[in-house]
Structures are given as structure tokens and as C-alpha cells.
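Enquirer: starting from these lines, generate the structure:
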Amino acid sequence: MAGARRVILITGAASGIGAALCARMAQPGVALVIHTRKNQDGAERVAEAARATGAEATVMLGDLADPATAKYLIHQTTERYGALDVLVSNAGFADRTPLSALTDEAFGRSSDAIEWAFLRLARAAVPHLKERRNARIVAVSSFVAHAFRPDVTLFPASAAAKAALEALVKALALELAPDAITVNAVVPGFIRKDAGAHAAMDRARLAKQMESVPLGRQGLPDEVAAAIAFLASADAAYITGHCLHVNGGLVM
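Expert: Alright, predicted model coming up:
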């Protein structure tokens, strides 16, 4: 295990964008830590596929809304592999409850699972990232923090949490620049879900939303994963504090 040259922790990686990113990043010389809140079977399948490419892979479970989970994930990653090179904060969920019906508890759940999870992960990871070359932090935001229009469904709690996430990305990018650690966000639009996965909209509503997308279709998880993989690479060494939109033109 000590031979792994690049250690990558990806949260929310049992399906969708996170799983697609694992598939892209998996190769000999890479150790992947595949986090999921509770979908252990899905995460194990992702890990098995990664190992088939020659990567090392470990599955870790935990609810990132719990303040202790972020520190646990970072500690277990560095204990197992001796380092951390890339942190990808991808876990989260969508809540389209209208503001008038949104309870304090529901708003807090979005906040805890998105911006607080990112802050806690980054805070625990930074001492380890400072020890590495080409260290990277990439957060996954969402179009919901940018598209406030009558033709696009609103996600008030999610939008607030993702907007806060992007603000933290920019602040942290400035703070970590002297250590050559880049911090960026990828901002997906409407992305196709895995078969059987929970969807925030029914099929009819989603089809209507595609009228708002200039390219006229949903994005693929791998299209978002490609953007994350680039920002996590050595090629992106001069990009920091940036929010890269992958949305088919939904937000311009």
C-alpha cells in the first residue's frame, strides 16, 4: 500500500458522478478511497472495477452530515495509505421543497451535508495535502446555485448550500495558494441518474426542463467526471478558485 503514488478520496462515489470519476481515475499507482453514506454494495462494485484496472481501492462508509465523519474519513485514508493527494467533495442531495414549506431542520440537513461537509473535509485534509506535490481539492456544486428563472425548477435549500460551498472554494483557494494547493469547483447541470437511483424530479418534469438546456439533453456522469479529473490533474496547476460549469449551456 505504501507504493501508491497518488491517493484520492472521493465522497459520494457509489454511483453517478462519483462512480464515473473513480472509473476515470483508477489506474496502477493510484489508491482510491470510495466513500458512500450507506450504499456499500454499489461502492464495492466501484472498488472491484477499480482494482481490475490495477488501482488500489478501499470503501468507507459514513454520513457526512455527522460532524465526526469528515475527520474520520481523512484519518482512515492517511492511516491506510500514508498520504492524501486529492480530495473530491461530491456527496450531497437535492431538495426542491419550496421556501414557504422548508423547515429549519430540512434547511440544516442540506447545509450539513454540503457546505459543512466540505469545510470539515478540507479542514482535516489540508495538513496532509501540504505534504504532497500537486495536491488538489475539488468540490462538486450544482446549477441550482445559479439558475433562478421561471423555466427552471428551484431548489432553495440546495441552492443556498451550494452557493456557500462555492464561496468556501474561493476563500480556500486564496488561503492555500502559497502552498500550491489548488481548490476548484465543478458545477453540473441536469445530469443523467443511474438506473434505479433516486431522482428529484419525475420523468415528465425532467423532460420539460430539457427545453431550458441549449444542447437539449441531460449530461452524462462521465462528462462531469472528465472535468473533475482535469482539475485534479497536474495539467490544472495554474487553475484555482474557479467554478467550471458542465451544463449544456443552462447557465452561461
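
Enquirer: in stretch 163-182, what's buried?
Expert: Buried positions in stretch 163-182, judged by neighbour count with 16 or more other C-beta atoms under 10 Å: 163-166, 168-170, 172-173, 176, 181-182. The way it works is simple: take the backbone N, C-alpha and C, and place the C-beta from them, glycine included.

Enquirer: what's the closest of these to residue 77?
Expert: Distance to residue 77 across the buried residues of stretch 163-182 (C-beta to C-beta) is lowest for residue 181, with 16.2 Å.

Enquirer: hmm, that closest one is touching residue 131, no?
Expert: No: counting by C-beta atoms under 8 Å, residue 181 sits too far from residue 131 to count as a contact (10.5 Å).

Enquirer: in strands only, show me the buried residues of stretch 163-182.
Expert: residue 182 (DSSP state E).

Enquirer: which parts of the chain are strands?
Expert: Remark: strands assigned in the chain by DSSP E are 6-10, 30-36, 56-61, 86-89, 136-140, 182-188, 243-246.

Enquirer: quick one: closest of these to residue 214.
Expert: If you check each of the strands of the chain against residue 214 by C-beta to C-beta, strand 243-246 wins as the nearest, at 12.2 Å.

Enquirer: what residue ranges in the stretch 151-252 of the chain are flagged as low confidence?
Expert: 195-200 (pLDDT under 70).

Enquirer: for the buried residues of stretch 163-182, give me a markdown table that also has distance to residue 10.
Expert: Below are the buried residues of stretch 163-182 laid out as a markdown table (distance: C-beta to C-beta, whole Å):
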| residue | distance to residue 10 |
| --- | --- |
| 163 | 23 |
| 164 | 21 |
| 165 | 16 |
| 166 | 19 |
| 168 | 18 |
| 169 | 16 |
| 170 | 22 |
| 172 | 18 |
| 173 | 20 |
| 176 | 19 |
| 181 | 17 |
| 182 | 17 |
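
Enquirer: farthest pair in the buried residues of stretch 163-182?
Expert: 163 and 181 (22.6 Å).

Enquirer: residues touching residue 93, list them.
Expert: 110, 113, 158 (C-beta atoms under 8 Å, 6 or more residues apart in numbering).

Enquirer: how far away is the residue nearest the centre of the chain from residue 149?
Expert: Closest residue to the average C-alpha location of the chain: residue 90 at 1.7 Å, with C-alpha atoms, centre = their mean. Per C-beta to C-beta, to the nearest Å, residue 90 is found 26 Å from residue 149.

Enquirer: I'd like the strands of the chain as CSV, with distance to residue 127 appended.
Expert: Below are the strands of the chain laid out as CSV (distance: least, C-beta to C-beta, whole Å):
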stretch, distance to residue 127
strand 6-10, 14
strand 30-36, 17
strand 56-61, 19
strand 86-89, 12
strand 136-140, 13
strand 182-188, 15
strand 243-246, 25
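
Enquirer: deepest in the core, which of those strands is it.
Expert: strand 86-89 (a mean of 29; mean count of other C-beta atoms under 10 Å).
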